[in-house]
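Trainee: Here is a sequence together with a model predicted from it:
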Amino acid sequence: MTEMPMTEGCVLEHKFHRPEAGLVLSDGSALSGYASVFGRRDRGGDVVMPGAYEASLAALKARGGQVKMLWQHDPAQPIGVWDEVGEDARGLWVRGRLLTDVARGREALALVAAGAIDGLSIGYRTVRAERDGQGGRRLVEVELWEVSLVTFPMLPDARVAGKTMPAPQAEACALLRDLTGALVAARRNLTGC
């Protein structure tokens, strides 16, 4: 967990999470996955409780706001739009699109498609938390500000399950796989190993 001072008396916190069900990249630049999973202790010792995002999401909706999609929590680097952010029984579900008209959005798309980036992290302010007796907190209510694509997620046992590349990239990768397979087979035939 990292903390960044925002204003006097207000601290923005970050929770990194690699979605165990998978951050899915589809239809070129569409992303979906869980940015947070309820009931799981993170490396900082905190556990997000069901309902923790409810009030924040309702307030955002009431004022016509939205959760921002950032690159590595940098407020100067928005890389896309979260079209859907909501709680279900499992956690905080997000669905959105990387904006490929933005340079960092194109870079993020390439990194996610290659599997180099597979983590999500929430940027939030704690509204209400309880000590859990194990050196951590139970986050009962948080004010959600942003969900970032990140290199290092807070939950180490979560992972990306799938992704889809844009058609030209997918065709190029398939061609390279076929060529690699042919070269390996030719080497076996020539060397016997």
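Mentor: Everything's here; your move.

Trainee: Against which helices or strands is the strand or helix carrying residue 33 packed?
Mentor: Here residue 33 sits within strand 30-37, counting by DSSP states H and E. Contact partners of strand 30-37 among helices and strands, from 3 or more CB pairs under 8 Å, 6 or more residues apart in numbering; DSSP states H and E: strand 10-17, strand 24-26, strand 91-98, strand 119-131. Using the backbone N, CA and C atoms, a C-beta is placed for each residue, glycine as well.

Trainee: could you redo the last one with a cut-off of 10 Å?
Mentor: Secondary-structure packing of strand 30-37 (3 or more CB pairs under 10 Å, 6 or more residues apart in numbering; DSSP states H and E): strand 10-17, strand 24-26, strand 47-48, strand 74-87, strand 91-98, helix 103-114, strand 119-131, strand 137-150.

Trainee: okay, these, which one's buried deepest?
Mentor: Sort the helices and strands packed on strand 30-37 by mean neighbour count, taking mean count of other CB atoms under 10 Å, and strand 47-48 sits at the top with a mean of 24.

Trainee: what does that strand contact?
Mentor: When contacts are defined by CB atoms under 10 Å, 6 or more residues apart in numbering, strand 47-48 is touched by residues 15, 17, 36-42, 91-92, 122, 124, 129-130, 132, 134, 136-140, 142.

Trainee: right, and the helix or strand after it?
Mentor: helix 54-62.

Trainee: re earlier: closest to residue 55 out of the helices and strands packed on strand 30-37?
Mentor: strand 137-150 (6.0 Å; CB to CB).

Trainee: so that closest one versus strand 30-37, what angle?
Mentor: Inter-element angle recorded for strand 137-150 and strand 30-37: 160 degrees (by axes from the mean of the first three to the mean of the last three CA atoms, to 10 degrees).

Trainee: can I see the domain layout of the protein?
Mentor: Using automatic domain parsing, the domain parsing of the chain gives 2-162, 165-193.

Trainee: Pick out the shakiest of those domains, pLDDT-wise.
Mentor: Among those, domain 165-193 carries the lowest mean pLDDT, at a mean of 55.

Trainee: so which of the helices and strands packed on strand 30-37 comes closest to residue 191?
Mentor: helix 103-114 (30.5 Å).

Trainee: name the helices or strands packed onto that closest one?
Mentor: strand 24-26, strand 30-37, strand 68-71, strand 74-87, strand 91-98, strand 137-150, helix 167-191.

Trainee: Send me the fourth one as CSV with only the CA atoms.
Mentor: C-alpha atoms of strand 74-87 as CSV (Å, rounded to 0.1, in the frame of the first residue of the first chain):
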residue,chain,number,x,y,z
ASP,A,74,-0.3,8.8,-12.2
PRO,A,75,-3.1,11.4,-12.3
ALA,A,76,-1.3,13.0,-15.3
GLN,A,77,-1.6,9.8,-17.3
PRO,A,78,-5.2,8.8,-17.9
ILE,A,79,-5.2,5.9,-20.4
GLY,A,80,-8.8,4.9,-20.8
VAL,A,81,-12.4,5.0,-19.5
TRP,A,82,-14.1,2.7,-17.1
ASP,A,83,-17.5,2.2,-18.6
GLU,A,84,-18.8,0.1,-15.7
VAL,A,85,-17.6,-0.1,-12.1
GLY,A,86,-19.7,-2.0,-9.6
GLU,A,87,-19.8,-4.3,-6.6
